[in-house]
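Peer 1: Generate coordinates for the sequence data below:
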Amino acid sequence: MKFLLAQKVGMSQIFDEAGKMVPVTVLQANENRVVGMRNVEKDGYSAYIVGVNLKKGKDGGKRSDFKKIVEFRTLNDGVADEFNQDQKISVEVFNESKEVKISGVSKGKGFQGVVKRHNFKGGPRTHGHKHNFRQPGSIGSTFPMRVIKGKRMAGRMGSDQVTLRGIKVVNIVLENNTIALKGAVPGRKGAWIKVLTYEN
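Peer 2: Next comes the predicted model:
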């Protein structure tokens, strides 16, 4: 298992050996450090606890010294010996990885209507229609005489936990501790992204 917590810098493009342009998202990984471990006997599951971004004047000896703390759960019942307590992790762990799994919170878009939220077509623009271009239309039914649960309607959009698998690793720069992933990554600029793979 390999894992890393990084911040989204933004999108860019890279040209491959054939001269084809590849859209990428650049992630900046500050110093990750293993600050604790979970085990099945005590916690009911196994995971690594990782701290990122040391607070000013701290040396990283305990969890409260970090501004950001996350957990990376393992597949096996017990925590493996791949990482040790207080071990530092960089983008170098993904040097031989071709694909990774990423997880982050998508951009928040506030309260939106059905046209934007569910891609409804909207009403016609002619023949007496004046104010209902983006309205949802009828939402009721004869039976059971109520709005069916799960009906696609207006509501809050975005700010959801999004997980994507099979994201290709395009480039890694050890000097800047950055990793470039093919395509788009959920979240705004500066959003925290969990990058991991269960391959050895």
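
Peer 1: Which elements pack onto the helix-or-strand element of the chain with minimal mean pLDDT?
Peer 2: Within the chain, no helix or strand scores below helix 40-43, which has a mean of 86 by mean pLDDT, DSSP states H and E. Using 3 or more CB pairs under 8 Å, 6 or more residues apart in numbering; DSSP states H and E as the contact test, no helix or strand touches helix 40-43. Any C-beta I mention is one placed from the backbone N, CA and C, and that applies to glycine too.

Peer 1: Can you dump the C-alpha atoms of that helix in PDB for me?
Peer 2: Extracted as PDB, the C-alpha positions of helix 40-43 are listed here (Å, rounded to 0.1, in the frame of the first residue of the first chain):
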ATOM      1  CA  VAL A  40      -8.100  -4.200  14.800                       C
ATOM      2  CA  GLU A  41      -7.600  -5.300  18.400                       C
ATOM      3  CA  LYS A  42      -8.000  -1.800  19.800                       C
ATOM      4  CA  ASP A  43      -9.900   0.200  17.200                       C
END
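
Peer 1: How many residues are close by Val185?
Peer 2: When neighbours are defined as other CB atoms under 10 Å, Val185 has 25 of them.

Peer 1: In contact with it, which residues?
Peer 2: Going by CB atoms under 8 Å, 6 or more residues apart in numbering, Val185 touches Lys8, Thr25, Leu27, Ile102, Gly104, Leu164, Ile167, Ile193.

Peer 1: In the protein, where is pLDDT below threshold?
Peer 2: In the prediction, the chain carries residues with pLDDT under 70 at positions 77-81, 200.

Peer 1: So which residues of it form helices?
Peer 2: 40-43, 114-118 (DSSP state H).

Peer 1: Of all the ones you listed, which one comes closest to Glu82?
Peer 2: Of all the helices of the chain, helix 40-43 sits nearest to Glu82, with 16.9 Å by CB to CB.

Peer 1: And the residue lying closest to Arg188 once chain neighbours are set aside, its phi and psi?
Peer 2: Spatial nearest neighbour of Arg188, excluding adjacent residues (CB to CB, 6 or more residues apart in numbering): Lys107 at 5.2 Å. The phi/psi pair for Lys107 (degrees, to the nearest 10) reads phi -60, psi 140.

Peer 1: Distance-wise, check Lys107 relative to Ala180.
Peer 2: Look at Lys107 and Ala180: by CB to CB, to the nearest Å, they are 20 Å apart.

Peer 1: These two: who's more crowded?
Peer 2: Ranked by neighbour count (other CB under 10 Å), Lys107 and Ala180 place Ala180 first, with 22 against 14.

Peer 1: okay but the more buried one is in contact with Lys168, surely?
Peer 2: No - using CB atoms under 8 Å, Ala180 is not in contact with Lys168; the gap is 9.7 Å.

Peer 1: Show me which residues of stretch 32-41 are buried.
Peer 2: Neighbour-count burial for stretch 32-41, counted by 16 or more other CB atoms under 10 Å, picks out Asn32, Arg33, Val34, Val35, Met37, Arg38.

Peer 1: Which ones among these lie within strands?
Peer 2: Among the buried residues of stretch 32-41, the members falling in strands are Asn32, Arg33, Val34, Val35, Met37, Arg38 (criterion: DSSP state E).
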